[in-house]
Structure formats: C-alpha cells, structure tokens
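In: fold the stuff below for me.
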Amino acid sequence: CRDGTRVICSSKDGSVGVHDVESGTRLLALDDHEDEVSDIAMSQYDPYVYTIGKDGALKCWDYYTGEMVNSIMLEEPANRIACNPENRALILSTASGKLMKLDLKYCKTKVNSLNIDAHRSLITCLTVNPKTLLIISGDKGGDIQVRNFTDLSLGRSFIAHQE
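Out: Numbers count the residues shown, from 1 in each chain. Purely as a prediction, here's the structure:
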C-alpha cells in the first residue's frame, strides 16, 4: 500500500486483513462480507479501500481505522474492481462480461452508474490508467479491450491469446 509498510489481502471466508509487511502482524480486520471477497482496490489519494464480494456487496473502508464507511449492494456481483481516484469513480466487472462505472462522492453515496455489456466471457483482468483515462480489460477468451473512462466507449479490441 501507499508507503510500502502494509499489505491488504483477502480470504475465501469473506475476511480482509491489513498486515504489516515486516512482521506480518494483522493490523486491521475489514470483515463484513458474507461470502468470498473477489477483489480489492485502493484509492491513491483518499484513505479508502474498496472490496467486492460474491455476496454482491461493494464496501468502502477507511484504510487507517478499518471502519466501514459505506456498503452498496450491486445489481450483479462483481469479480474485478479498479479505481480512478481523480474522477472519484470505480470500474467493476461481472462474471457475465459487463463493465460498470460507479461514480462515488467521497465514498459516502452512490451518485450514478453506467453499465455496458463489454465482453462475451468472464473478465479476468481490469485496470485503469489514471494518466490516460483508459480502461483495459481482458477476458477468459483472450479478448483485450481498451475503453474510454468517461463513457466506456470502445477504443480498440484485439485477441491476445487463445484458451
């Protein structure tokens, strides 16, 4: 995490821990998911950690205190999450290949969301480049997509590998 002294990891039992890198000591427990945690993202500028779980919840946590700031039930469980803190937005992907852009205002409320059918199979990787505002996603079938962060429009797509 930010200064390299902590690491955040999740478990199949729904627990998330913030650990000291040197000692391995668990410093904080972020335990409120009812099922396996699928992914974790951390804001670069705000003190927030975001978790998504198979329980369909998106949770926002204070990185320093471990307090849950907000919990939002998603329309469909997400399996990957990426953060663009400058736009105060998260990009989430679902097992059905959808991409969701969720605009957040200080992690407190759901402002609006944009959903599109992006991939034909399970999205296995997802990242946002904060400098170019490009979303890069890849699916199980090898399809790589590069999209505009603002409206999720497709810039280009190519096959990187075959199953």
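
In: now do the buried residues in stretch 143-158.
Out: By 16 or more other Cβ atoms under 10 Å, the buried positions in stretch 143-158 come out as 143-145, 147, 149, 152. Yep, even glycine has a C-beta here, placed from its N, CA and C like the rest.

In: ignore the last one, stretch 129-145
Out: For stretch 129-145, burial by neighbour count (16+ other Cβ under 10 Å) applies to 130, 135-139, 141, 143-145.

In: now stretch 42-62: average pLDDT?
Out: The predicted model assigns stretch 42-62 a mean pLDDT of 87.

In: swap in stretch 124-134?
Out: Averaged across stretch 124-134, pLDDT comes to 87.

In: farthest pair in the buried residues of stretch 129-145?
Out: Using Cβ to Cβ, the two most remote members of the buried residues of stretch 129-145 are 130 and 141, lying 27.4 Å apart.

In: from residue 94, how far out is the nearest residue in space to residue 11 that is not next to it in sequence?
Out: Once flanking residues are discounted, residue 11 sits nearest to residue 37: 7.1 Å by Cβ to Cβ, 6 or more residues apart in numbering. With distances taken as Cβ to Cβ, to the nearest Å, residue 37 is found 15 Å from residue 94.
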